[in-house]
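# Quick one, fold the following:
(3 chains)
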Amino acid sequence: MAGYISTRAQIRGSVMENAIILGESVIGEETLIDSWAYVGYPTRRKLKRIPKKIEELDSISDGAKIGRSCLIRSFTIIYEGAELGDRVETGHGVLIRERSRIGSNSRIGSFSQLDGEVHVGENVNIQSMVYLPHLTWIDDNVFIGPNVIVTNDRYPVSRRLRGVRIGRGAVIGAGAVLIAGIEVGENSVIAAGSIVTKDVPANSMVMGAPARVRLSRMEYEERKKLYEARGDDVPG
Amino acid sequence: MAGYISTRAQIRGSVMENAIILGESVIGEETLIDSWAYVGYPTRRKLKRIPKKIEELDSISDGAKIGRSCLIRSFTIIYEGAELGDRVETGHGVLIRERSRIGSNSRIGSFSQLDGEVHVGENVNIQSMVYLPHLTWIDDNVFIGPNVIVTNDRYPVSRRLRGVRIGRGAVIGAGAVLIAGIEVGENSVIAAGSIVTKDVPANSMVMGAPARVRLSRMEYEERKKLYEARGDDVPG
Amino acid sequence: MAGYISTRAQIRGSVMENAIILGESVIGEETLIDSWAYVGYPTRRKLKRIPKKIEELDSISDGAKIGRSCLIRSFTIIYEGAELGDRVETGHGVLIRERSRIGSNSRIGSFSQLDGEVHVGENVNIQSMVYLPHLTWIDDNVFIGPNVIVTNDRYPVSRRLRGVRIGRGAVIGAGAVLIAGIEVGENSVIAAGSIVTKDVPANSMVMGAPARVRLSRMEYEERKKLYEARGDDVPG
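Numbers count the residues shown, from 1 in each chain, chains lettered A, B, ... in the order given. Predicted structure coming up:
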């Protein structure tokens, strides 16, 4: 057995021969599930008895739903219960856990993780090596740079998980760490490497550790225009 | 050949058909080795001659030992000479190098690496994307948040590697960087995003870059209780 | 189908049975392509029509060139158009995108990414989980610690990408973030966890967020000698 497709799966797109599709997964038209991708991975609580064959894993999987014209690259793992909209792309080695939702036209970079119930809106661009834990909520049109780390427990290890909410149009720079429970306002910008411990006001740009407001989004956009046009590098 | 199980391996648990198990590996009762997991990967020094077939890789591998009731998920790589206790779980894409030891009931999150001889005690919870280099020592009951990076050379690239030692019950927040040779005291807490350049006293909470003591563990626990009960977010 | 080797590929080394080699890839003498490695992965723009079989992916791939005596470990993905010199080693899960070049005797650590057109010189040592975006240029003899993140857009999301250039002999500490467009001078050192927003002078050592010059390379080397010889830990 190189790959495996459940007899319960609805395959309208294309599945490479050594991919695995378990349970009642739905693969939309014009979608590619590439070699060594795994769709419908069973959740932990289903694994009380150790399966002997992949058919047993298949029988306990509810499957995942993947829309039309998606591209699911090699080594991506999508758990049962996850739902992806249309024209979603994943890089390689992306992990999407159960109950996560990804809106249409969004992209998840290589080796990024949606590690629990994570909401990703439409037209969201998540770069590589991003970590999004359980309860993270990302609105439409957000950009998240590489290696951004979001947390969900302000005083680990506590019994209270609080998701981070990232508002529409926000831009999160590379390597930023977002602490549990904060709200990142619409159209705000977080500079690379910031440690964000408090809510970020809408339409503002924050920087530092802990991050503080430095600019408005409008000022940021003005600097961006200079950067694009003249090559000036104005440090924020 | 989709998977491969060495004739020298002792398989008491369950190995999915397209996993690879090399050498004298021992897989305990009720343990699952999932699809596309690789157990008994040969160390670098064994690869002087390039093998033509997996049987040659198999013949040079001493195998790895995995205890009972473990869950080794897809894309995990466990080198020869590694030993895992009972009820150990790995996420996806976990890398466990030769001579690493993992105590019982510990969990290693997806795409984390034990990159050399690493000691992990019992009941340790290591989240996703954590990097633990050669000589790292982690006592029992430690929690390590996502993307924590530990180093082992204070003045790279030197000839002197010094492991970080993390004491029993310590909590390391997301994205913290721990510099080579430090000792993190028992029950201490390191805030997310800290750069830890010096020893951390036991029962204290440190924060910042470079990290300094801000609270005692007792004060931290009091704040945690408020956070859990009332929803107050008291910045550290 | 467990693995696949294109009829157009030139295989002079050794390819494990469940690896995939597409297109006119060239695999040099004494090179090992290990199980579940993927060489010649097609670029995005080639995937306008969704392939039904791996033979179609193969037919659109130009292949990758890999030199002699290389070691390409499991779960590594090398895109079409990439070129690796001789004696290059990759860890596990390394991603090397189209048009990247890696000079001879260089090593890329597990789960690191060359995410676009990236130049890596000779004798470069890149540790695990390093992110190098499109346009990054790394000269010979550079050392890059684990989880170093390089960016290529100073005001994301802009229309102007600017690569980071890392000069010969530079040493980049773990977890450092390098902002788009900077030049890291020859033989400079960047301390672990630094956020580097400006050019780094040659032969200097920088630290902090934002990073500032603290030492010369010569002073750094003196401290390194003490560290190696006596065990003194002189904080930078």
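# From now on I want contacts and neighbour counts done on CA atoms only, so please keep to that.
Fine.
# Can you give me the neighbour number for A:Arg49?
Other residues near A:Arg49 number 12, with proximity taken as other Cα atoms under 10 Å in any protein chain shown.
# Kindly report the same for A:Lys65.
Applying other Cα under 10 Å, we find 23 residues neighbouring A:Lys65.
# Which residues does it form beta bridges with?
Per DSSP bridges, the residues bridged to A:Lys65 are A:Val26, A:Glu83.
# My guess is it contacts A:Tyr79. True?
No. With contact defined as Cα atoms under 8 Å, A:Lys65 does not reach A:Tyr79; the gap is 9.8 Å.
# Run through the neighbouring helices and strands of whichever strand or helix holds A:Leu226.
A:Leu226 is part of helix A:217-229 when elements are defined by DSSP states H and E. Under the contact definition 3 or more Cα pairs under 8 Å, 6 or more residues apart in numbering or on different chains; DSSP states H and E, helix A:217-229 sits against strand A:204-208.
# close to chain B, is the strand it packs on?
No. For strand A:204-208, no contact with chain B is found by Cα under 8 Å from any Cα of the partner chain; the gap never falls below 11.0 Å.
# Determine the angle, from 0 to 180 degrees, between that strand and helix A:217-229.
Here strand A:204-208 points in a direction 80 degrees away from that of helix A:217-229 (axes from the mean of the first three to the mean of the last three Cα atoms, to 10 degrees).
# pLDDT score assigned to the residue of chain A found nearest chain C?
In chain A, the residue found nearest to chain C is A:Ala2; the distance is 4.9 Å by Cα to the nearest Cα. What the model reports as pLDDT for A:Ala2 is 80.
# do the same with the one 4 residues further on
Per-residue confidence (pLDDT) for A:Ser6: 98.
# From chain B, how far off is it?
Using Cα to the nearest Cα, to the nearest Å, one gets 15 Å for the distance from A:Ser6 to chain B.
# show me where pLDDT drops low in chain A?
For chain A, residues meeting the criterion pLDDT under 70 lie at A:1, A:231-236.
# List, one by one, the residues from it near chain C.
Residues of chain A found near chain C (Cα under 8 Å from any Cα) are A:1-3, A:14-18, A:30-32, A:75, A:111, A:128, A:143, A:146-147, A:171, A:173-175, A:192-193, A:208, A:220, A:223-224, A:227-228, A:233, A:235.
# Out of the residues you listed, list just those in helices.
Counting by DSSP state H, the part of the residues of chain A next to chain C found in helices is A:Tyr220, A:Arg223, A:Lys224, A:Tyr227, A:Glu228.
# Where neighbours are concerned, which of those has the most?
In terms of neighbours by other Cα under 10 Å, these top out with A:Lys224 at 24 neighbours.
# Would you agree that residue is in contact with C:Arg160?
No. A:Lys224 is beyond contact range of C:Arg160, at 9.3 Å (criterion: Cα under 8 Å).
# In chain A, which residue sits nearest chain B?
Nearest to chain B in chain A, going by Cα to the nearest Cα, is A:Ala2, at a distance of 4.9 Å.
# how close does that residue sit to B:Lys53?
When distance is defined by Cα to Cα, to the nearest Å, A:Ala2 is 18 Å away from B:Lys53.
# who's more crowded, those two?
Neighbour totals were compared for A:Ala2 and B:Lys53, and A:Ala2 leads with 20 against 13 (other Cα under 10 Å).
# Surely that one is in contact with A:Met16?
No. Using Cα under 8 Å, A:Ala2 is not in contact with A:Met16, being 10.2 Å away.
# Test of understanding: give the bridge partners of A:Leu215.
Legend: beta-bridge partners of A:Leu215 under DSSP bridges are A:Met205.
# ditto for A:Leu95
A:Leu95 forms beta bridges with A:Ile77, A:Gln113, as assigned by DSSP bridges.
# That one contacts A:Leu114, doesn't it?
Yes. Counting by Cα under 8 Å, A:Leu114 is a contact partner of A:Leu95 at 6.1 Å.
# Mind telling me which residue is nearest the centre of chain A?
Centroid-nearest residue in chain A, with Cα atoms, centre = their mean: A:Leu114, separated by 4.7 Å.
# what sits against A:Thr90?
A:Leu71, A:Ile72, A:Arg73, A:Thr76, A:Arg107, A:Ile108, A:Gly109, A:Ser110 (Cα atoms under 8 Å, 6 or more residues apart in numbering or on different chains).
# The third one: neighbour count?
Yep, that's A:Arg73 we're talking about. A count of nearby residues for A:Arg73, using other Cα under 10 Å, gives 21.
# picking that back up, can the ones in helices among the residues of chain A next to chain C go into CSV with extra columns for distance to A:Leu47?
CSV is the format used below for these (distance: Cα to Cα, whole Å):
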residue, distance to A:Leu47
A:Tyr220, 49
A:Arg223, 53
A:Lys224, 50
A:Tyr227, 53
A:Glu228, 52
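# Which two of those have the greatest separation?
Among those, the pair separated by the greatest distance (Cα to Cα) is A:Tyr220 and A:Glu228, at 12.1 Å.
# hang on, A:Glu80 packs against A:Ile60?
No. Counting by Cα under 8 Å, A:Glu80 stays clear of A:Ile60, with 9.7 Å between them.
# So the two - more neighbours on which side?
A:Glu80 (27 against 19).
# A:Gly63 sits in which helix or strand?
Counting by DSSP H and E, there is no helix or strand that carries A:Gly63.
# correct me, but it touches A:Ser25?
Yes. A:Gly63 is within contact range of A:Ser25, at 4.0 Å (criterion: Cα under 8 Å).
# more crowded one of those two?
Shown here are A:Gly63 and A:Ser25; by other Cα under 10 Å, A:Gly63 has more neighbours (29 against 26).
# ok, A:Lys48 - how many residues close by?
9.
# and it, which of the three is it?
coil (DSSP: H, G, I helix; E, B strand; the rest coil).
# Most distant residue from the centre of chain A?
Within chain A, A:Arg230 marks the point farthest from the mean C-alpha position, 34.1 Å out by Cα atoms, centre = their mean.
# dump the residue contacts of A:Arg214.
A:Arg214 makes contact with A:Ser204, A:Met205, A:Val206, A:Met207, A:Gly236 under the criterion Cα under 8 Å, 6+ apart.
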